[in-house]
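>>> here's a sequence, model it:
(chains A and B)
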Amino acid sequence: MNRSVPIQKPLKTNTENYFQKFGALIVLAIVLVLNFIVTPNFASINTVWNLVIQACPIILTGMGMTLVIATGGIDISVGSLIAVGAMVTAKLLPYGIFPAIVCALAISAGFGLLNGFMIAKFKIQPMIMTLITMMVARGFAQVINDAKTLRLDDPEFAQLGTAKIGGVVPSQLLIIAIVVVVVYFIADKTVFGHRIQAIGDNSRAASLSGINIVRNIILVYVVSSVLAGFAGVVEVARLGTADANGIGKLMELDAIAAVAIGGTRMTGGRARVLGTVFGALVMQLITITVNMNNIPFEAAQVIKSIVIILAVFLQRESK
Amino acid sequence: MQGISKRFLGVVALDNVGFQVGKGEVHALMGENGAGKSTLIKILTGIYQKDEGEIIFDGREISPKDALEAQHEGISTIYQELNLVLFQTVYENVFLGREPMKKGRVIDRKEMIRRSREVLDDMGIHIDVTMPLKSYSTAVQQMVAIARALTINAKLVVMDEPTSSLDTQEVEVLFGVIRKLVEKEVSVIFITHRLDEVFEIADRATVLKDGRLVGEFDVRELDQLKLVSHMIGREFSALERNKKDFDYNDAQTQVEVKDIYQGVRLNGIGIDIKKGEVLGLAGLLGSGRTELGRVIFGDLLPDEGEVFYYGKKQHFKQTEDAIKLGIGFCTEDRKVEGILPNLSVKENITLAMLPQISKFGVVSQKKQNEVVNKFIERLKVKTPSPNQIIKNLSGGNQQKALLARWLCMNPKLVIMDEPTRGIDVGAKAEIEALIQELAAQGISVLMISSEMAELERNCDRVVVMREGKKLAELKGAEIQQDTITEIIAKAHHDLSEEVAL
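Now for the predicted structure:
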């Protein structure tokens, strides 16, 4: 048997895979090393906890975004759904923590169902459909409390976003860990995960292999919306106030950037879940760097864009 | 063009092909799908780069790196899908990208209108050039594309299936224009599937098959029968038909379709497939072979007609329904409908069987690896590892992986549409051997193929199709490539006589 014959230029293929797999990690390492050199007081454990706390919403929405982008779609409604999650929870908190969170997630899921249904069944372009939802959901969030900021007064609920496990580790680390493990498991081990990647890579082939495209696409948008809603719940617990106009604004762009840095192709296919986590950390790390070095906010955007270009360049495919 | 070769990812698309076009000659380029016509044209017009060979144009060797460079040389192409801007005016389209300038700054619209009108009038097309292009028919749009070619003083106009969307009258107008081009000593390369057009307009014809040159012929010395034979080809190979006659006496009917009508392609065809039989579907492109396969697989819903599975009437609404009953479908176009190019060999093989190797929606890695290793070994898929990205494999190995996708499902019927297209001889023989092995195990195979020799070697029975109808049915030793070719050619001949009367 000679079935392990290398087909063509295995060396080249390997280097490409290397960058595609670890591109985000490499960029994260570069940004970290630069920080150790440039930023005063960077090498402290508090910086790490800050990073985790602030990157939490990007990572959570980025997880859903990774799955959506793996199908070849996109979901730009997640920023508004963070607001929906936050406002619904804040408004319903008097009725109990658990019912409030469940309602917030259910309403988010409803928006996801709408997205998925219109995209899969009526073939509306994902960008357009989720743009509509982005506007509608933001409006919905604002209507909940007449566009006024809600102040929360529930120390128990606040624990979700402010608790320190063992007095040091922020609750966000646990939340991130659980969500990332679950999404990684979905993408790598489940039928659903295999199928959405197949749909993203070649939807016609997937359909001919008996895969129900509509059902899977709907589900993927529901997952994305629920994760965005949940990110809103955690954020409102941390902040203690819910402002429907501001919360989650432009977060969809950070999430998409995290996915792009992470190495998931925008046209669909392999979902690089861990790549997105590194991508989100890179994005947030740059923000922290800028703040700690007193660099103006505008410059942060420039640096971010340079890093995104670098990451995408590292992972580009030679044709 | 001489000795042109082109490979895509290890697959030979063109092998040492060449032909000559004289000044003011209309040259037809013929061949079945996948013969390499389009690849050859794309090399000539600079869209692809050749791996070997040379292009001599007007006595000079050229190697255009892009379409623009080819255009500068005087080669203009009119594609199947028109590359025009529909909402712009006719004259804007004629000069798209080369607008004449007034004092070097402003677009000279008057000049554009005047010259467009002149060129089109010259071609015998009298239209208002200031109207948007979309207000005219496809034929006129095509004429505008030709007018565009003329204004760049093209010496060679390449037309890729220009008549595919035209009606008979429009074709006449187009031919009129071609004749005018010829008067001006412009050469034309004309790609078409319609045989009668070749005889009407072309001086000479080059026939390609499987990326190889079959020959260059003078059209006056050809007739329909000869041309069809050249296109389908007669394969001279060491492989011989080596089959026992299928025993039809107590054969169980597995799938039967009756009076299927679907769109324009299927017109009341019915076939039946026995258990353990290799049934071939022969016919030219557009005869409805693939569509019939898709109807059986539930991918195409028939307008009329019935599908029976073991005597029980079925209403497949989606492929999932057919797959559940044990039907698999290996598509003709691996790239578009088959592989998941950027995913692994492993994921490609297990795509359809995921529900069977999973519990509560979680895929069992152990079962997945077992299945994948078993079929990689059984079908001799040459891959460095099951985790290799499938697009890096050769065509033959991709095809084996796709066959594995269905074979691992324990199918009862596998529909294979052009199973050996674009793969090398060795892999071809292996796949043919596999087909026989499957049949011996009681798995039925519906084999759709343009290769008559392949049908002769592998099939127990062959149904010849034309225009969505059954033309003939051959059994056992009756299946010979020449017989099939003759049936197809004769039907075409009869049809053209009917039209003539």
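>>> quick one: low-confidence ranges for the chain?
All of this is about chain A. Residue ranges of chain A with pLDDT under 70: A:1-20, A:317-319.
>>> wait, chain B was what I had in mind.
Across chain B, residues meeting the criterion (pLDDT under 70) sit at B:1-13, B:32-34, B:80-82, B:104, B:164-168, B:193, B:232-243, B:425, B:492-501.
>>> any idea how far chain A is from the residue lying farthest from the centre of it?
Here chain B reaches farthest from its C-alpha mean at B:K103, the gap being 49.0 Å by CA atoms, centre = their mean. If you measure B:K103 against chain A using CB to the nearest CB, to the nearest Å, the figure is 41 Å. Every residue, glycine included, has its C-beta placed from N, CA and C.
>>> same check, this time on B:I107
Per CB to the nearest CB, B:I107 is found 34 Å from chain A.
>>> torsion angles phi and psi at that residue?
When read as degrees, to the nearest 10, the backbone of B:I107 gives phi -70, psi 130.
>>> give me the beta-bridge partners of it?
Using DSSP bridges, the bridge partners assigned to B:I107 are B:M101.
>>> wait, it sits on B:M101?
Yes: taking CB atoms under 8 Å as the contact criterion, B:I107 and B:M101 are neighbours in contact, 6.5 Å apart.
>>> with chain B as the reference, measure out to the spatially most central residue of chain A.
Centre of chain A computed as the mean C-alpha position; nearest residue by CA atoms, centre = their mean is A:G62, 1.1 Å away. A:G62 sits 21 Å away from chain B, taking CB to the nearest CB as the criterion.
>>> element containing that residue, please.
In this structure, A:G62 is located in helix A:45-70 according to DSSP states H and E.
>>> from the chain's centre, how far out does that helix sit?
From the chain centre to the centre of helix A:45-70 is a distance of 6 Å (CA atoms, centre = their mean, to the nearest Å).
>>> continuing past it, what's the next helix or strand?
As assigned by DSSP H and E, the chain's next helix or strand after helix A:45-70 is helix A:78-92.
>>> please see if stretch A:308-319 touches chain B.
No: when contact is scored as CB under 8 Å from any CB of the partner chain, no part of stretch A:308-319 falls within range of chain B; the minimum is 8.9 Å.
>>> quick check on B:I191: phi, psi?
The phi/psi pair for B:I191 (degrees, to the nearest 10) reads phi -100, psi 130.
>>> residue contacts, it?
Residues counted as contacts of B:I191 (CB atoms under 8 Å, 6 or more residues apart in numbering or on different chains) are B:28-30, B:37-38, B:41, B:158-161.
>>> if I look at it, how far off is chain A?
The separation that B:I191 has from chain A, given CB to the nearest CB, amounts to 26 Å.
>>> where's A:A255, which helix or strand?
Using DSSP H and E, the secondary-structure element containing A:A255 is helix A:251-262.
>>> what helices or strands is that helix leaning on?
Taking 3 or more CB pairs under 8 Å, 6 or more residues apart in numbering or on different chains; DSSP states H and E as contact, the helices and strands that helix A:251-262 lies on are helix A:10-38, helix A:45-70, helix A:78-92, helix A:273-292, helix A:297-314.
>>> what do you get if the cut-off is 6 Å, keeping everything else the same?
Counting contacts by 3 or more CB pairs under 6 Å, 6 or more residues apart in numbering or on different chains; DSSP states H and E, the secondary-structure elements packed against helix A:251-262 are helix A:45-70, helix A:78-92, helix A:273-292, helix A:297-314.
>>> now for the longest one, which elements pack on it?
Using 3+ CB pairs under 6 Å, 6+ apart as the contact test, the elements touching helix A:45-70 are strand A:169-170, helix A:171-189, helix A:191-201, helix A:213-239, helix A:251-262, helix A:273-292.
>>> contact distance from chain A - what residues of chain B qualify?
Taking CB under 6 Å from any CB of the partner chain as the criterion, the neighbours of chain A within chain B are B:319-320, B:323, B:337-338, B:340, B:342-343, B:351-352, B:354, B:358, B:361-363, B:382, B:384, B:392-393.
>>> just the buried ones among those residues, please.
With burial judged by 16 or more other CB atoms under 10 Å in any protein chain shown, the buried subset of those is B:319-320, B:323, B:337-338, B:340, B:342-343, B:351-352, B:354, B:358, B:363, B:382, B:384, B:392-393.
>>> which of those fall within helices?
When those are checked against helices using DSSP state H, the ones located there are B:319-320, B:323.
>>> what's the residue of the stretch 51-200 of chain B found nearest chain A sitting at in phi/psi?
When you check the stretch 51-200 of chain B against chain A by CB to the nearest CB, the closest residue turns out to be B:D51, at 14.7 Å. Here the main-chain torsion angles of B:D51 (degrees, to the nearest 10) amount to phi -90, psi -30.
>>> and for it, the neighbour number?
14 (other CB atoms under 10 Å in any protein chain shown).
>>> now swap in the one 4 residues further on and tell me
For B:I55, the neighbour count with other CB under 10 Å is 20.
>>> same question, A:R204
A:R204 sits with 15 neighbouring residues when counted by other CB under 10 Å.
>>> likewise for A:A106?
12.
>>> now it: how far from B:I107?
Separation of A:A106 from B:I107 (CB to CB, to the nearest Å): 59 Å.
>>> and for B:N342?
44 Å.
>>> A:G193 now?
54 Å.
>>> look at the two and report which has more neighbours.
Comparing A:G193 with B:I107 by other CB under 10 Å, the one with more neighbours is A:G193, at 24 against 13.
>>> please name the nearest non-neighbouring residue to that one.
A:A187 (4.2 Å; CB to CB, 6 or more residues apart in numbering or on different chains).
>>> wait, doesn't the one you found sit right on A:R272?
No: between A:A187 and A:R272 there is no contact under CB atoms under 6 Å: 8.7 Å.
>>> show me the domain layout of chain B.
Taking automatic domain parsing as the domain assignment, the ranges for chain B are B:2-232, B:250-326+B:412-501, B:337-410.
>>> all strands for the stretch 251-400 of chain B, in order.
Counting by DSSP state E, counting those that start in this stretch, the segments of the stretch 251-400 of chain B that form strands are B:253-262, B:266-274, B:278-282, B:304-309, B:312-314, B:327-330, B:358-359, B:362-363.
>>> wait, which of these is closest to B:V198?
Judged by CB to CB, the one of the strands of the stretch 251-400 of chain B that comes nearest to B:V198 is strand B:278-282, at 21.7 Å.
>>> any idea of the angle that closest one forms with strand B:253-262?
The directions of strand B:278-282 and strand B:253-262 differ by 20 degrees, with axes from the mean of the first three to the mean of the last three CA atoms, to 10 degrees as the criterion.
>>> listing partners with orientation, what would you give for strand B:278-282?
According to DSSP bridges, strand B:278-282 forms sheet pairs with strand B:444-448 (parallel), strand B:461-466 (parallel).
>>> for those, give me TSV that also has mean neighbour count.
Below are those laid out as TSV (neighbours: other CB atoms under 10 Å in any protein chain shown):
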stretch	mean neighbour count
strand B:444-448	25
strand B:461-466	24
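>>> what would those look like in a markdown table with distance to B:G298?
Written out in a markdown table, the entries for those read as follows (distance: least, CB to CB, whole Å):
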| stretch | distance to B:G298 |
| --- | --- |
| strand B:444-448 | 14 |
| strand B:461-466 | 20 |
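>>> quick one: closest of those strands to B:Y261.
Across the strands paired with strand B:278-282, B:Y261 has its closest neighbour in strand B:461-466 (13.9 Å, CB to CB).
>>> following element in sequence after that closest one, please.
From strand B:461-466, the next helix or strand downstream (DSSP H and E) is strand B:469-475.
>>> show me what counts as buried in that next one.
By neighbour count on 16+ other CB under 10 Å, the buried set for strand B:469-475 is B:469-472, B:474.
>>> please apply the same query to stretch B:327-344.
Applying a neighbour-count criterion of 16+ other CB under 10 Å, one finds B:327-334, B:337-344 buried in stretch B:327-344.
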